[in-house]
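# output the structure for:
(one chain, ligands or ions: 2)
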Amino acid sequence: MALLKISEPGGRPAAPAHSLAVGIDLGTTNSLVACSCGGSVQILPDHAKHELLPSVVHYREGQAPLVGEQAKAAALVDPGNTIASVKRLLGMSAAEISSMDRVGRYRLDATRDAGAPAILTAAGPKDPVQVSADILGVLVERAEGCLRGKLEGAVVTVPAYFNDAQRQQTRDAARLAGLNVLRLLNEPTAAAVAYGLDSQDQGNVVVFDLGGGTFDVSLLSMQKGVFEVLATGGDTALGGDDFDHVLADWIASRAELDKPLDALSHGALMHYANEVKHSLSSDETVALSYADWSAQLDRQQFADLCKDLITRTLNTCRRVLRDAALTLDAIDNIVLVGGVTRMPIIREAVADFFGKPPLTNIDPDKVVAIGAGIQADVLIGNKSADNFLLLDVNPLSLGIETMGELTEKIIPRNTTVPVTRAQEFTTFKDSQTAMTLHVVQGERELVSDCRSLARFELRGIPPMVAGAAKVRVTFQVDADGLLSVMAEELSTSKTAQIQVKPSYGLNAGSIEQMLKASHEHAESDMELRTLKEAQLEAAQLIDAITTASEVDGKLLEEHDSQRIAAGIARLEEAVAEENSVRIHELTEQLNRISSDFAARRMDLHIGKALRGESIDDAEHPAESSESP
Ligand code: ADP
Ligand code: MG
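Ligands and ions are numbered 1, 2, ... in the order given. A predicted model of the protein is given here:
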């Protein structure tokens, strides 16, 4: 992401001063709506002056759902009809939802296809998109009430690590709530926007966002009002909820509660744990009493209980610094985002890690909504004099499968988007008239270790010898992270393309897993790649010689023929033994042995060509489809 000033000579006309656009932070735990009016950005409150709307929905039979505080209260008495943290369910399959649902709280509709999970409630089946739309609907109503008019558009924020499926479902939810989505904005980006306008910082900034269910770290470079994201990282399964779980588990074991807890007791315990966690942000020590058990808990004990969680956040920071090739002392400012960063134990850990205190002058609960509100105002055209374009980065590499089941990265991870990159590929077999394009996502060398996004075929390639056709593959990622892939055969301009559809059934934590795995397997992956490439080269040579012998075998003396056959046999053996050094040696050897034969063939065919005969006479083109 970069904040890029763009001059628009005679560009977009200034919209009327009353354009109504808002920024929405659709959080796992809390959601907010902000609007930039009269030069300042404000969080829009409800009638009771509450600014944070708990992202909780309670469904009732024959009545409108309750959303927010009332739903949170209802969760204690009727957890089965109350859905919290729905953001964690976006992009998940039914199977994944049931596997992450620790207490079996959700009754899933088994009659639906696996792709579209539906949670059974008193008001009928609800999928995560509908639940999110119900939350957004309340924010829209609130905003239209405050602003006395119909909203023209909204900027909705998403975690930087959301994949295409999760982003698409967020858009769908907004549409369902009747919102015109001006764009989706990464949460850390929004926070940077809020700080960028409020203070005149220059240099490198880390945005540390620990919310209810997700953790994001972004490293931004800021200069004269222009931000550029150097790297992003995070963990989609780490947040304040986990601190609640740690406390709840500790209380359950100390208070010797019966296991497993039913949904009702579990809800009550989680609620209590959450209260304790909040108290420890203002008080050094908290007196605990639960059922007929009581005890004291102080901040240091709490920090010890949460040590692993805190270490995980700092490890992610370390990784982001490494991705950006920056050292700790290159960081000028740390911005804290998310309710959890109110916790003194987090502030201290962050300050210790970076060696300087983090910035906290904008309320960490509200900073994302404020940034989104500013951005909405810009996009709707209220701020015509100060136009800027926000760019984000692509969190995982996007690439294509090549021969040998290897991944060729076209857009590396952490590339600024929107972006377009193209690369040329060629055919592997003689007379290959079709090419399968397999689009993959991930950091590993082998396709099987990456995530498969889509497959499509380019047909109608004119028959040519292997390696002669030129196919240009273009990857385009738009500002919302959606990917289009196009393949074009350059001599005929035949094209095929695909828009990568969001694929359901992706575990929210798997992105982080994929990054971890790529670091762990970096060395063995490279070895495997070297081997695969050597095997491929050997196979191509053997193929070429075998075909040539069938066509022009008459050019070979008996003993040449035998030497070549022996060379092929030795090479095939090395290929089977998977020894890349030996394969290289024997490939070179076979090349030498067959070089005379190749030279004789060349003479023959040049002679033929001069006489106007076709080289391909003896070879019959067959329809075959191979990876590029
Ligand atoms: P999200 O972005 O996921 O909606 P928020 O930024 O609103 O989340 O953060 C919600 C989390 O912050 C919850 O886990 C909540 O318990 C925690 N939180 C909010 N205020 C405090 C506080 N004062 N002390 C500790 N945790 C807090
Ligand atoms: Mg948040």
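# quick one, what contacts whichever residue of the stretch 151-300 of the chain sits closest to ligand 1?
Going by C-beta to the nearest ligand atom, ligand 1 is nearest to residue 240 of the stretch 151-300 of the chain, at 2.0 Å. The way it works is simple: take the backbone N, C-alpha and C, and place the C-beta from them, glycine included. For residue 240, the contact set (C-beta atoms under 8 Å, 6 or more residues apart in numbering) comprises 29, 210-213, 277, 338-340.
# before we move on, what about residue 83?
By C-beta under 8 Å, 6+ apart, the residues touching residue 83 are 56-59, 106, 119, 121, 126, 131.
# so it: helix, strand or coil?
What DSSP: H, G, I helix; E, B strand; the rest coil gives for residue 83 is strand.
# what separation do you get for the residue of the stretch 151-300 of the chain closest to ligand 1 and residue 309?
Using C-beta to C-beta, to the nearest Å, residue 240 is found at 10 Å from residue 309.
# ditto for residue 540
For residue 540, the distance to residue 309 - C-beta to C-beta - is 51 Å.
# these two - which one has more neighbours?
Set residue 540 next to residue 309 and count neighbours by other C-beta atoms under 10 Å: residue 309 wins out with 22 against 16.
# any idea which element the more buried one lies in?
helix 307-323 (DSSP states H and E).
# so what pLDDT did residue 269 get?
The model reports residue 269 with a pLDDT of 93.
# can you check residue 111 too?
So residue 111 comes in at 62 (pLDDT).
# for residue 403, see how far away the most centrally placed residue in the chain is.
The residue lying closest to the centre of the chain (C-alpha atoms, centre = their mean) is residue 163, at 3.7 Å. Per C-beta to C-beta, residue 163 is found 27 Å from residue 403.
# shouldn't residue 229 be within a helix?
No: assigned with three-state DSSP, residue 229 falls outside any helix and is strand.
# near ligand 1, which residues of this protein?
27-30, 211-213, 239-241, 274, 277-278, 281, 338-340, 342-343, 365 (C-beta under 6 Å from any ligand atom).
# just the residues you listed: which are in strands?
Taking DSSP state E, the ones among the residues of the chain next to ligand 1 that sit in strands are residue 30.
# just the buried ones among the residues of the chain next to ligand 1, please.
Among the residues of the chain next to ligand 1, those scoring as buried are 27-30, 211-213, 239-241, 274, 277-278, 338-340, 342-343, 365 (criterion: 16 or more other C-beta atoms under 10 Å).
# not counting sequence-adjacent ones, nearest residue to residue 213?
The shortest distance from residue 213 to any non-neighbouring residue, by C-beta to C-beta, 6 or more residues apart in numbering, is to residue 28 (3.4 Å).
# over to that neighbour: give its phi and psi.
phi -60, psi -40 (degrees, to the nearest 10).
# wait, residue 98 sits on residue 106?
Yes: using C-beta atoms under 8 Å, residue 98 is in contact with residue 106, at 7.2 Å.
# of these two, which one has the most company?
residue 106 (22 against 15).
# thought that one was touching residue 119?
Yes: using C-beta under 8 Å, residue 106 makes contact with residue 119 at a distance of 4.8 Å.
# overlap in contacts, those two.
Shared contacts of residue 106 and residue 119, defined by C-beta under 8 Å, 6+ apart, are found at 83, 97.
# in the stretch 301-450 of the chain, which spans are helices?
All helices of the stretch 301-450 of the chain, identified by DSSP state H, counting those that start in this stretch, fall at 307-323, 344-354, 367-379.
# how about the first one: buried residues?
Going back to what we said before, that points to helix 307-323. Buried residues in helix 307-323, defined by neighbour count with 16+ other C-beta under 10 Å: 309-310, 313-314, 316-317, 319-321, 323.
# find the closest residue to ligand 1 in the stretch 351-500 of the chain.
As assessed by C-beta to the nearest ligand atom, ligand 1 sits closest to residue 365 within the stretch 351-500 of the chain, at 5.2 Å.
# just the buried ones among the residues of the chain next to ligand 1 that are near ligand 2?
Among these, proximity to ligand 2 is found for 27, 211, 338 (C-beta under 5 Å from the ion).
# how near is the second one to residue 339?
I take that to be residue 211. Separation of residue 211 from residue 339 (C-beta to C-beta): 7 Å.
# strand partners of the strand or helix carrying residue 208, parallel vs antiparallel please.
Using DSSP H and E, residue 208 maps to strand 203-210. Using DSSP bridges, the strands paired with strand 203-210 in its sheet are strand 215-223 (antiparallel), strand 331-337 (parallel).
# now the longest one against helix 307-323, angle please.
It stands for strand 215-223. In this structure, strand 215-223 runs at an angle of 30 degrees to helix 307-323, with axes from the mean of the first three to the mean of the last three C-alpha atoms, to 10 degrees as the basis.
# repeat that for the shortest one.
Following the same axes, to 10 degrees, one obtains 130 degrees for the angle between strand 331-337 and helix 307-323.
# residues of strand 331-337 that come out buried?
Neighbour counts over strand 331-337 (16+ other C-beta under 10 Å) mark 331, 333-337 as buried.
# for these, work out which two are farthest apart.
Using C-beta to C-beta, the pair of the buried residues of strand 331-337 lying farthest apart is 331 and 337, separated by 15.7 Å.
# phi, psi of the closest residue to residue 214 other than its chain neighbours?
Nearest non-adjacent residue to residue 214, counting by C-beta to C-beta, 6+ apart: residue 159, 4.6 Å away. Phi and psi for residue 159, reported as degrees, to the nearest 10, are phi -60, psi 150.
# can you name the residues that contact residue 159?
Applying C-beta under 8 Å, 6+ apart to residue 159 gives the contacts 186-187, 209, 214, 216, 234, 236.
# give me the pLDDT for it.
pLDDT for residue 159: 82.
# the one 5 residues further on now?
Each residue has a pLDDT score; the one for residue 164 is 73.
# returning to what we had before: of the buried residues of helix 307-323, the lowest pLDDT goes to which?
Minimum pLDDT across the buried residues of helix 307-323 falls on residue 323, with 84.
# excluding its backbone neighbours, what's nearest that one?
residue 231 (3.8 Å).
# what's the local residue count around the one you found?
Look at residue 231: counted by other C-beta under 10 Å, it has 21 neighbours.
# was I right about it contacting residue 318?
No: counting by C-beta under 8 Å, residue 231 does not reach residue 318; the two are 11.5 Å apart.
# quick one: contacts of stretch 528-538?
With contact meaning C-beta under 8 Å, 6+ apart, stretch 528-538 is reached by 403-406, 445-446, 571-572, 574-575, 578, 580, 583-584, 586-587.
# what do you get if the cut-off is 10 Å, keeping everything else the same?
With C-beta atoms under 10 Å, 6 or more residues apart in numbering as the test, stretch 528-538 has contacts from 402-407, 428, 444-446, 449, 521, 568, 571-572, 574-576, 578-588, 590-591.
# just give me the closest of the contacts of residue 240 to ligand 2.
If you rank the contacts of residue 240 by distance to ligand 2 using C-beta to the ion, residue 211 comes first, at 3.5 Å.
# isn't that closest one up against residue 52?
No: taking contacts as C-beta atoms under 10 Å, residue 211 lies outside contact range of residue 52: 11.8 Å.
# what's the overlap in contacts for these two?
With C-beta under 10 Å, 6+ apart, residue 211 and residue 52 have common neighbours 25, 27, 29-30, 339, 365.
# out of the residues you listed, who's nearest residue 155?
Proximity to residue 155 was ranked across those by C-beta to C-beta; first place goes to residue 25, at 9.7 Å.
# now do the SS call for that closest one.
strand.
# nearest residue to it other than its sequence neighbours?
Nearest non-adjacent residue to residue 25, counting by C-beta to C-beta, 6+ apart: residue 369, 3.9 Å away.
# residues contacting the closest residue to ligand 2 within the stretch 51-200 of the chain?
With C-beta to the ion, the shortest gap between the stretch 51-200 of the chain and ligand 2 falls at residue 187, namely 5.7 Å. Counting by C-beta under 10 Å, 6+ apart, residue 187 touches 25-27, 157-162, 207, 209, 211, 214, 216, 218, 234, 337-338, 367-369, 371-372.
# list the buried residues for the helix ranked longest in the chain?
With secondary structure taken from DSSP state H, the chain has its longest helix at helix 522-552. For helix 522-552, burial by neighbour count (16+ other C-beta under 10 Å) applies to 525, 528-529, 531-542, 545, 548-549, 552.
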